[in-house]
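Asks: sequence and predicted structure, then a few things I'm wondering about:
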Amino acid sequence: MKLKIIQADITTIKVDAIVNAANSSLLGGSGVDGAIHRKGGLEILNACRAIISKQGKCKVGEAVITTAGNLPSQFVIHTVGPVWNQGGIEKEQLLANCYTNSIALAIENEIKIIAFPNISTGIYKFPKELAARIAIQTVRNHKDAYKFKEVIFVCFDLENFECYKKIIKNDENKS
Ligand code: ADP
């Protein structure tokens, strides 16, 4: 599995699946969620509505999969990150669950290349370095269960981009 760190707008990326940092309503919001729905169009929204009417709201840490509508990718995996200022110490576990449950859907759908945004680090205010460590560690924990061709961390802001690069570099120096 190749881990790649890039700085980009995730809606421009052409991979098997991009992950959306959604909210529990799955009806779109601000940040990356807004960008995905805006560019992906009604097809994504309708698919989300169908999921909600069948199973209710998407809980924190859970994930669902839809078409990518007008986006260049094939699928969007929507996952709901934890809000840093809400709830107790389980926030780190809930963020890890976002990655684990997204990966589980990717495996089910035989997705080989997946791109993650920096879930919860925008409006949900999760500390960026801690979120990056959890993201990288959780993805690495799955490397023997399924052979992804590539897992891409798509950083939007420079702070996240630098954070991911630093962690990967430090890990390489240790091994
Ligand atoms: P959350 O509510 O989970 O914090 P946000 O969308 O507010 O979700 O932020 C999550 C991360 O997504 C932030 O690091 C933000 O910089 C980033 N982001 C915002 N727009 C985009 C985009 N178009 N592509 C990739 N990442 C984005």
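Replies: Nice, I can see it. What you are looking at is a predicted structure, and each value in this text was computed from that prediction instead of being measured.

Asks: OK, contacts around the residue nearest to R140 when sequence neighbours are not counted?
Replies: Closest residue to R140 apart from its sequence neighbours, by CB to CB, 6 or more residues apart in numbering: L3 at 7.8 Å. (Glycine included, C-beta is placed from N, CA and C.) Counting by CB atoms under 8 Å, 6 or more residues apart in numbering, L3 makes contact with 136, 139-140, 150-151, 153, 168.

Asks: could you pull out the helices for the protein?
Replies: For the chain, the helices defined by DSSP state H occupy 31-40, 42-55, 91-108, 128-141, 158-174.

Asks: and for the last one, what are the contacting residues?
Replies: I take that to be helix 158-174. Helix 158-174 has contacts (CB under 8 Å, 6+ apart) with 3, 5-7, 118, 121, 128-129, 132-133, 136, 153, 155.

Asks: the ligand contacts on this protein?
Replies: Residues of the chain lying close to the ligand (CB under 6 Å from any ligand atom) are 9-11, 21, 31-33, 35, 81, 117-124, 154, 156-157, 160.

Asks: out of the contacts of L3, which are buried?
Replies: By neighbour count, with 16 or more other CB atoms under 10 Å, the contacts of L3 hold 136, 139, 151, 153, 168 as buried.

Asks: how many neighbours does the nearest residue to the first one once chain neighbours are set aside have?
Replies: Just to be clear, that refers to I136. Spatially, and ignoring its direct neighbours in sequence, I136 is nearest to I167 (5.8 Å; CB to CB, 6+ apart). Neighbours of I167 under the rule other CB atoms under 10 Å: 18.
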